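A.B. asks: Quick one, structure for this:
(chains A, B and C)
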Amino acid sequence: MEITVQQVAQLLEGKVDGDGSQMVSRLEKIEEATAGSIAFLANPKYTDYIYTTSATAIIVKEDLELKKEISAALIRVTDPYSSFSKLLEEYQKLTQIQKSGIEQPSFQSITSQIEEDVYLGAFSYLGENVKIGKGTKIYPNCVIGDNVTIGENTILFAGVKVYADCKIGNHCKIHSGVVIGSEGFGYAPQPDGTFKAIPQTGNVVIHDHVDIGANTVVDCATMGSTVIKNGAKIDNLVQIAHNVEIGENTAIASQAGISGSAKIGKNVMIGGQAGITGHLTIADKVIIGPQSGVPKTIEDQGIYTGTPIMDHREFLKASIAIRKLPELLRRVSQLEKKG
Amino acid sequence: MEITVQQVAQLLEGKVDGDGSQMVSRLEKIEEATAGSIAFLANPKYTDYIYTTSATAIIVKEDLELKKEISAALIRVTDPYSSFSKLLEEYQKLTQIQKSGIEQPSFQSITSQIEEDVYLGAFSYLGENVKIGKGTKIYPNCVIGDNVTIGENTILFAGVKVYADCKIGNHCKIHSGVVIGSEGFGYAPQPDGTFKAIPQTGNVVIHDHVDIGANTVVDCATMGSTVIKNGAKIDNLVQIAHNVEIGENTAIASQAGISGSAKIGKNVMIGGQAGITGHLTIADKVIIGPQSGVPKTIEDQGIYTGTPIMDHREFLKASIAIRKLPELLRRVSQLEKKG
Amino acid sequence: MEITVQQVAQLLEGKVDGDGSQMVSRLEKIEEATAGSIAFLANPKYTDYIYTTSATAIIVKEDLELKKEISAALIRVTDPYSSFSKLLEEYQKLTQIQKSGIEQPSFQSITSQIEEDVYLGAFSYLGENVKIGKGTKIYPNCVIGDNVTIGENTILFAGVKVYADCKIGNHCKIHSGVVIGSEGFGYAPQPDGTFKAIPQTGNVVIHDHVDIGANTVVDCATMGSTVIKNGAKIDNLVQIAHNVEIGENTAIASQAGISGSAKIGKNVMIGGQAGITGHLTIADKVIIGPQSGVPKTIEDQGIYTGTPIMDHREFLKASIAIRKLPELLRRVSQLEKKG
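C.D. replies: Residues are numbered from 1 along each chain as shown, chains lettered A, B, ... in the order given. Predicted coordinates for the structure are as follows:
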């Protein structure tokens, strides 16, 4: 998608200083920008880059004064950062709006229903009684199991797999390779050492405005539902086990794992590679550091780190102290000899 | 799938107390149950829920006496827990039995062979000389490489990828997004700092009754086979590297990683996010805690936790002691001043 | 693929000792070899296996003297290890050369371009303006987004998903289930506790000779590019976040995670399950141990382990000292009583 610098200025209600007829097609950082791109200058620290950047146009504050001539065109606006953010959003909208219609070959069971403005990519599969809401986009090679309901304006990128009976809300983004509704890891050990699988007959219910990162897995409940509430954001390669509940606006970073039946509160933040044991509760607004291990319920708001977790300041102190431990052992031996 | 309360009672050889003509379609927990569902009461602790639940029917012990009227129908049986388990199993069987036949478009090479009662989902791919046993179900969008053999009554859920030459046994369940037989991470460092790939020409052999969770990866052997033995249960997002052997009835929780050529015994349990170094052996029945790091061979049965692992009780003591370490440093300084 | 022992000997410029007309089809280790396979003997430690192995043929040093009769045919060569490596490479080439042509049904947008000798597997999808270079193989069920460029002689195994605008170089191997270019985990927290997504408009650029393991995820940059440079080798289930740079010939083991905007140098080695914080730099040739946590920039070459990392020798000492900590607490209390 190529547009002129002048068209960008109009969109941002800014004024062009330089050649507005040049074409631009990308958004880049001022310090790395290449010809054909638009960059922005908000932080005064980066001002010198406007004399060296290869960007075709730079969004700057309306009252910026130049110390010498520059090659880039300027787009003068009230708030360069906000203008650039707006541009980023418009750019992304344009890219995603392009997808529409039903590509062939795709597979729609006779009993599946899709509303208007749905995009169904080639090699995607809709099972029996599937319902897809208005404006939802299903990229190629997705598999939507029987009785699944997906709301409006949700995006499933290429290769998402949703097992039977799950529900996904409105305005969600589910990234490539995500698996929703696979059977939980539930087995009853038998006297002969083998395992008997506990039937997993529940589903996954995902509310609105939930984002799920690539190759993350959300298991179905043994009975009832594994639930991810409004506005939760989940990164790549995360494990959400059976019967877990994730509260509203909770954010979970990459490669974290939440074990079965854990209830995570609202506005919780869980760091990358952290592990949460099953059958516990984490209070609202708790922050768990990366690589931490949470063995039991957390009732009090706070920042927790370590395996097993402790108060974050306590963790920092202990981390420093551990390095002094070999020396401490020698010091204590010395004291014992004296004593 | 909707059936009447009366039909459920017949299946369980129980007696209906209330309106047996009502329709039910789901199994739920008594404390969370909604209209149209069946729940059960086995634990006396939950008895009060029978007066408040919205379940349409409740499976109860035959001699239960009511203190007041309830809205739900009762199904009276000898052992409510066993009856409910039976119901769960029947429910799951019914759901999975529905899939059969060859959906189109799918891809079968001329040299591939499938036995009777196989389900092949749309957009699934069978390479050259593939053999699929009786009653096996391959959901949509699976890719089965050349010369792969899959046994009887095994299920591959949507989007499983099996590389050439691998073998999968009978009664296995392989969940969505699993990759079997990808090339192991084997490189010979060269004097100029580059890596030369060591050809990975082996395969993966999976025996019977093995379950593998969503998005787990099992690499092929450099030569010979990576082997997963009878009854092993592997959770989601697990890494099984080249030439690993997993013993019978061993269970591996989510996000654990087993490095190349490790030999894991029978009935071993490995916790979530644990990491096992390569070229070592773990004895039968060993239990490894979550997030633990195993640097060398474990010969003795026991519970091990920590990075690097120690005896689990030792780990618990050390975990508590670490918090006292900053204070301990001060106490020793104090003693030294006195001395 | 079956060939005679004599044909193998010709390929290796060796001499057959025994029946050269026997058929062989596999390469196996001497201690595990089965009938129909070729094994090799390089390490004198394994010499006794030539009397017990079931291999049909064994590659041995030209001057090997037998102590008694054996059943296997011998192929006598100057350097058995090199000969066997050559055989492994030939074997792998033969297997992969077999794939060619465009399988149907597959999806090529009208604006996509493929050069000669490309393999496009069934159910694979090429978006608008996609360009695929000479000799590249795209296995079944891959999805290549709009404007993606893939170089020459690269292999994408089954089920790889590449988002729009990404670039992949020459001679790369991308394994099944890999996701390239998914949106990074970037959100601006709002006063009401919700998150506003920061548009992710950049791409991923992968240079030449890069290998990426199964189910690994590489996120696109917020702006600009997430970059993986020449010769980098990345294992399975690894997380590479937005705007990360991976230097030349850097190797990253399974389940490691690299957070946003981290710059990893050349010839770095990162162990399995290690976690690297965002917005930091790791110097060339640094080695990070498995399960380690790197909280800040590393400027000096060295081996680092632990969470947070310390010098590897320091980590080993601290690991041993931690076990003595509960006892140390008692010893200090004892000293305090005496004092």
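
A.B. asks: in the stretch 201-339 of chain A, which ranges drop under the pLDDT threshold?
C.D. replies: Scanning the stretch 201-339 of chain A for pLDDT under 70 picks out A:339.

A.B. asks: The residue of the stretch 1-150 of chain A at minimum distance from chain B: neighbour count?
C.D. replies: When distances are taken as CB to the nearest CB, the stretch 1-150 of chain A approaches chain B most closely through residue A:143, which lies 3.8 Å from it. All C-beta atoms are positioned from the backbone trio N, CA, C, and that covers glycine. Residues near residue A:143, counting by other CB atoms under 10 Å in any protein chain shown, number 30.

A.B. asks: nearest spatial neighbour of it, skipping sequence neighbours?
C.D. replies: residue B:158 (3.8 Å; CB to CB, 6 or more residues apart in numbering or on different chains).

A.B. asks: The one you found: which element?
C.D. replies: Residue B:158 is located outside every helix and strand, with elements delineated by DSSP states H and E.

A.B. asks: Looks like it contacts residue B:139 (just checking).
C.D. replies: Yes. Under the criterion of CB atoms under 8 Å, residue B:158 makes contact with residue B:139 at 4.2 Å.

A.B. asks: Point out the residues in the stretch 201-339 of chain A that sit beside chain B.
C.D. replies: Selection of the stretch 201-339 of chain A residues close to chain B by CB under 8 Å from any CB of the partner chain yields A:201, A:215, A:217, A:219, A:223-224, A:237, A:239, A:241, A:255, A:257, A:259, A:273, A:275, A:277, A:291, A:293, A:307-308, A:310, A:314, A:317-318, A:320-322, A:324-325, A:328, A:331-332, A:335, A:338-339.

A.B. asks: still on that earlier bit, check contacts around the residue nearest to residue A:143.
C.D. replies: Each residue near residue B:158 by CB atoms under 8 Å, 6 or more residues apart in numbering or on different chains is listed here: A:125, A:143, A:145, A:161, A:163, B:121, B:139, B:140, B:141, B:142, B:176.

A.B. asks: Among the residues you listed, name the ones in strands.
C.D. replies: Among those, DSSP state E puts A:125, A:143, A:161 in strands.

A.B. asks: what residues are shared contacts of residue B:158 and residue B:139?
C.D. replies: Common neighbours of residue B:158 and residue B:139, counting by CB under 8 Å, 6+ apart, are A:143, B:121, B:176.

A.B. asks: what sits against the last one?
C.D. replies: With contacts defined as CB under 8 Å, 6+ apart, residue B:176 is in contact with A:143, A:161, A:163, A:179, A:182, B:139, B:157, B:158, B:159, B:160, B:214, B:215.

A.B. asks: How about residue A:138?
C.D. replies: Listed by CB under 8 Å, 6+ apart, the contact set of residue A:138 reads A:118, A:119, A:120, A:121, A:124, A:132, A:144, A:150, A:156, A:160.

A.B. asks: are any of the residues of the stretch 201-339 of chain A next to chain B buried, and which?
C.D. replies: When neighbours are counted using 16 or more other CB atoms under 10 Å in any protein chain shown, these contain these buried positions: A:201, A:215, A:217, A:219, A:223-224, A:237, A:239, A:241, A:255, A:257, A:259, A:273, A:275, A:277, A:291, A:293, A:307-308, A:310, A:314, A:317-318, A:321-322, A:324-325, A:328, A:331-332, A:335.

A.B. asks: Residue A:28 contacts residue A:38, doesn't it?
C.D. replies: Yes. Residue A:28 is in contact with residue A:38 according to CB under 8 Å; the separation is 7.4 Å.

A.B. asks: Which residue ranges make up each domain of chain A?
C.D. replies: The record, using the TED database to delimit domains, assigns chain A the ranges A:3-95, A:101-304, A:311-338.

A.B. asks: Contact residues of the stretch 151-300 of chain A facing chain C?
C.D. replies: Proximity of the stretch 151-300 of chain A to chain C, by CB under 8 Å from any CB, involves residues A:157-159, A:173, A:175-177, A:209, A:211, A:213-215, A:231, A:233, A:235-237, A:248-249, A:251, A:253-255, A:266-267, A:272-273, A:290-291.

A.B. asks: Go through chain A and flag its longest helix.
C.D. replies: The helix of greatest length in chain A, counted in residues with DSSP state H as the criterion, is given as helix A:80-97.

A.B. asks: centre of the chain versus it, how much separation?
C.D. replies: Helix A:80-97 has its C-alpha centroid displaced from the chain centroid by 18 Å (CA atoms, centre = their mean, to the nearest Å).

A.B. asks: now stretch A:133-152
C.D. replies: The gap between the average C-alpha position of stretch A:133-152 and the chain average comes to 19 Å, counting by CA atoms, centre = their mean.

A.B. asks: coming back round to it: can I get the contacts of residue A:138 in JSON lines including neighbour count and pLDDT?
C.D. replies: JSON lines is the format used below for those (neighbours: other CB atoms under 10 Å in any protein chain shown; pLDDT from 0 to 100):
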{"residue": "A:118", "neighbour count": "19", "pLDDT": "97"}
{"residue": "A:119", "neighbour count": "23", "pLDDT": "97"}
{"residue": "A:120", "neighbour count": "27", "pLDDT": "98"}
{"residue": "A:121", "neighbour count": "24", "pLDDT": "98"}
{"residue": "A:124", "neighbour count": "29", "pLDDT": "98"}
{"residue": "A:132", "neighbour count": "26", "pLDDT": "98"}
{"residue": "A:144", "neighbour count": "32", "pLDDT": "98"}
{"residue": "A:150", "neighbour count": "25", "pLDDT": "98"}
{"residue": "A:156", "neighbour count": "29", "pLDDT": "98"}
{"residue": "A:160", "neighbour count": "29", "pLDDT": "98"}
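
A.B. asks: ok, these vs residue B:104, which is closest?
C.D. replies: Nearest to residue B:104 among the contacts of residue A:138 is residue A:124, at 14.9 Å by CB to CB.

A.B. asks: circling back: which neighbours do residue A:28 and residue A:38 have in common?
C.D. replies: Common neighbours of residue A:28 and residue A:38 (criterion: CB under 8 Å, 6+ apart): residue A:55.

A.B. asks: In the stretch 1-150 of chain A, where is pLDDT below threshold?
C.D. replies: For the stretch 1-150 of chain A, the stretches flagged by pLDDT under 70 are A:1, A:95-97.

A.B. asks: Please repeat the previous calculation with a cut-off of 80.
C.D. replies: Low-confidence regions of the stretch 1-150 of chain A, defined by pLDDT under 80, span residues A:1-2, A:92-98.

A.B. asks: what does it put close to chain C?
C.D. replies: So far as CB under 8 Å from any CB goes, the stretch 1-150 of chain A lies against chain C at A:26-29, A:32, A:85, A:88-89, A:91-92, A:95, A:98, A:103, A:105, A:121-123, A:139-141.

A.B. asks: Output those of those residues also counted as contacts of chain B.
C.D. replies: Near chain B, judged by CB under 8 Å from any CB, the entries from the residues of the stretch 1-150 of chain A next to chain C are A:105, A:123, A:141.

A.B. asks: Pipe the residues you listed into JSON lines and attach distance to residue C:66 and neighbour count per row.
C.D. replies: Putting these into JSON lines (distance: CB to CB, whole Å; neighbours: other CB atoms under 10 Å in any protein chain shown) gives the following:
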{"residue": "A:105", "distance to residue C:66": "61", "neighbour count": "16"}
{"residue": "A:123", "distance to residue C:66": "58", "neighbour count": "32"}
{"residue": "A:141", "distance to residue C:66": "56", "neighbour count": "33"}
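
A.B. asks: For those residues, could you give me CSV that also reports distance to residue A:15?
C.D. replies: Output for those, formatted as CSV (distance: CB to CB, whole Å):
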residue, distance to residue A:15
A:105, 51
A:123, 48
A:141, 46
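
A.B. asks: need the contact list for the residue positioned nearest the centre of chain A.
C.D. replies: The centre of chain A sits closest to residue A:235, judged by CA atoms, centre = their mean, with a distance of 4.1 Å. Residue A:235 makes contact with A:213, A:216, A:251, A:252, A:253, A:254, A:255, A:256, A:272, C:185, C:239, according to CB under 8 Å, 6+ apart.
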